[in-house]
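# heads up, no residue letters with this:
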């Protein structure tokens, strides 16, 4: 989800200056982030797109098209 939510990771903060986060992990106005990636075995490189579309097939095709137009066709 997108927004200021609590996470299990660690980040240094000055004493007495905590980062304010949402109390519950309910989807807010910003929605959810949906990552989709392409990994090129030959070049040992990756490409990740992040969107908010729930239509996974359309998002996957668009990610592959962007990767091909930017990196894939040059290989």
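Arrived safely. On a predicted model such as this, the values are computed, not experimentally measured, just so you know.
# what sits against the closest residue to residue 63 other than its chain neighbours?
Distance criterion Cβ to Cβ, 6 or more residues apart in numbering; nearest residue to residue 63, sequence neighbours excluded, is residue 49 at 4.2 Å. All C-beta spots, glycine's among them, are computed from the backbone N, C-alpha and C. Residue 49 makes contacts with 35-37, 59, 62-63, 66, as judged by Cβ atoms under 8 Å, 6 or more residues apart in numbering.
# And the helix or strand hosting residue 49, what's buried?
Assigned by DSSP states H and E, residue 49 falls within strand 45-51. Neighbour-count burial for strand 45-51, counted by 16 or more other Cβ atoms under 10 Å, picks out 47, 49, 51.
# Now render those as CSV, adding distance to residue 16 and pLDDT.
Output for those, formatted as CSV (distance: Cβ to Cβ, whole Å; pLDDT from 0 to 100):
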residue, distance to residue 16, pLDDT
47, 42, 84
49, 39, 85
51, 38, 81
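# with these in mind, which one is nearest to residue 31?
Closest to residue 31 out of the buried residues of strand 45-51 is residue 51 (9.9 Å), distances taken as Cβ to Cβ.
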